[in-house]
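Trainee: Okay, structure incoming, though there's no sequence with it:
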């Protein structure tokens, strides 16, 4: 609490302070438009990989938990993003090939990129797909560095994205458990009525 109560607030005339921006300052200064476009395109591929994995767990493997997690997460993100609309950092470096493609508007809080990756990675761990989970975690860290370096997200957006991925994974698990329990009780009642 000492830090919170002794820290001076950022003046209105100054940009927000973000430790992630400080750490990635040299990356931001050295950013080349061509490199940013390449990394943005790779990021879009990574988002496609997340989406394909999450939907595949439901449509191909018949395991809906990751998809339910993503639906919970994006619903919450839309509500929070609409409720508090933040402006982009002044030094934002966009790209026409970054997801969402075309430099369209997007919500800063919280990072759906990071949360989706965490949801997929947790499912991979649950299914003991360790190498794939580590790959997604590594790509997620690289994605976070790029997002900070291009000023596409604040550090808090990324940290909450990790927490949101974990939270909605847990909530989806509880939801599935309650549905199974409800179906079991319903099936028991039907058997009792038929006997």
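Mentor: Cool, the structure landed. All values reported here derive from a predicted model rather than from experimental measurement.

Trainee: May I see the buried residues of the helix or strand hosting residue 49?
Mentor: Here residue 49 sits within helix 33-59, counting by DSSP states H and E. Under the neighbour-count criterion of 16 or more other CB atoms under 10 Å, helix 33-59 has 36, 39-44, 46-47, 49-50, 53-54, 57 buried. From N, CA and C alone the C-beta is placed, and that goes for glycine too.

Trainee: need the next SSE after it, C-terminal direction.
Mentor: Downstream of helix 33-59, the next assigned helix or strand under DSSP H and E is helix 65-83.

Trainee: Give the next helix or strand downstream of that next one.
Mentor: In N-to-C order, the element after helix 65-83 by DSSP H and E is helix 112-126.

Trainee: by how many degrees do that next one and helix 65-83 diverge?
Mentor: 160 degrees (axes from the mean of the first three to the mean of the last three CA atoms, to 10 degrees).

Trainee: Just the pLDDT for the spatially most central residue of the chain.
Mentor: Nearest to the mean C-alpha position of the chain, by CA atoms, centre = their mean, lies residue 115 at 2.0 Å. Per-residue confidence at residue 115 stands at 95 (pLDDT).

Trainee: Now do the contacts for it.
Mentor: 73, 77, 161-162, 164-165, 168 (CB atoms under 8 Å, 6 or more residues apart in numbering).

Trainee: what's the closest of those residues to residue 182?
Mentor: residue 168 (20.3 Å; CB to CB).

Trainee: separation between residue 48 and residue 108?
Mentor: Per CB to CB, to the nearest Å, residue 48 is found 22 Å from residue 108.

Trainee: Check residue 147 too.
Mentor: 10 Å.

Trainee: cool, and residue 133?
Mentor: For residue 133, the distance to residue 108 - CB to CB - is 27 Å.

Trainee: repeat for residue 159
Mentor: 13 Å.

Trainee: likewise residue 118?
Mentor: 18 Å.
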